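**Q** can't give you the sequence, but here's the structure:
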């Protein structure tokens with residue numbers, strides 16, 4: 001019996017849909033990736049920009065808590 005191979009798009013879609021089930025995955029990061037994918041904007045540049053924004057938000061939050 002032969003197993004059907006999935007296309008790259010199908011593999012990415014399946015992975016993104018199952019990210020929340022992976023232990024220790026940051027929920028905000030998963031949401032950003034999922035959102036970019038849904039908007040058909042999941043590119044290296046867009047992902048890097050979104051992750052940079054998340055990092056800046058977390059740094060600001062941490063600084064506010066320490067003041």
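**A** Yep, that arrived. These figures come from a predicted structure and were not determined experimentally.

**Q** By mean pLDDT, point me to the weakest helix or strand of this protein.
**A** Of the helices and strands making up the chain, the lowest-confidence element is helix 8-17, at a mean of 92, by mean pLDDT, DSSP states H and E.

**Q** If you count contacts, what does the longest helix anywhere in the chain end up packed against?
**A** Longest helix in the chain by number of residues (criterion: DSSP state H): helix 44-66. Using 3 or more CB pairs under 8 Å, 6 or more residues apart in numbering; DSSP states H and E as the contact test, the elements touching helix 44-66 are helix 27-38. Just so you know, the C-beta spots here come from the backbone N, C-alpha and C atoms, and that holds for glycine as well.

**Q** Okay, angle between the helix it packs on and helix 44-66 too, please.
**A** Regarding helix 27-38 and helix 44-66, their directions subtend 150 degrees when assessed with axes from the mean of the first three to the mean of the last three CA atoms, to 10 degrees.

**Q** Could you list the buried residues of helix 27-38?
**A** By 16 or more other CB atoms under 10 Å, the buried positions in helix 27-38 come out as 32, 33, 36, 37.

**Q** Pass me the low-pLDDT residue ranges in the chain, would you?
**A** Scanning the chain for pLDDT under 70 picks out the ranges 1.

**Q** if you set the cut-off to 90 instead, what comes out?
**A** Scanning the chain for pLDDT under 90 picks out the ranges 1-6, 9, 20, 63-67.

**Q** Residue 42 in helix, strand or coil?
**A** coil (DSSP: H, G, I helix; E, B strand; the rest coil).

**Q** returning to that earlier point: list of residues touching the least confident helix or strand of the chain?
**A** Applying CB atoms under 8 Å, 6 or more residues apart in numbering, the set of residues contacting helix 8-17 from outside is 6, 33, 34, 37, 42.
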